[in-house]
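S.K.: quick one, what's the 3D model for this:
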Amino acid sequence: MNRRMKFLNGHIYHIYNRGHRKATVFHDRRDYLHFLRQLREYLVRQIPRRAHR
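M.R.: Numbers count the residues shown, from 1 in each chain. Purely as a prediction, here's the structure:
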């Protein structure tokens with residue numbers, strides 16, 4: 001399953017651990033890990049370069 005959600009600068013995201021009517025958000029471990037990778041990529045871009053020095 002290929003889910004390519006892009007996190008955009010200036011947007012607010014509210015992350016839930018279950019969906020509408022208590023539906024499962026992450027259907028398997030791969031879905032959850034994909035989400036974590038996407039979130040990490042977004043957060044790393046938000047850290048100012050000066051913080052790395």
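S.K.: show me the helices in this protein, by range?
M.R.: Counting by DSSP state H, the chain has these helices, from start to end: 29-46.
S.K.: from Tyr32, how far out is the residue lying closest to Phe7 once chain neighbours are set aside?
M.R.: Once flanking residues are discounted, Phe7 sits nearest to Tyr42: 3.9 Å by C-beta to C-beta, 6 or more residues apart in numbering. Every C-beta, even on glycine, is put in place using the N, C-alpha and C of the backbone. Distance of Tyr42 to Tyr32, given as C-beta to C-beta, to the nearest Å: 16 Å.
S.K.: next: Ile15.
M.R.: From Ile15 to Tyr32 the distance is 12 Å (C-beta to C-beta).
S.K.: what about those two, which has more around it?
M.R.: Remark: of Ile15 and Tyr32, Tyr32 carries more neighbours, 13 against 7, as counted by other C-beta atoms under 10 Å.
S.K.: excluding its backbone neighbours, what's nearest the more buried one?
M.R.: Phe26 (4.1 Å).
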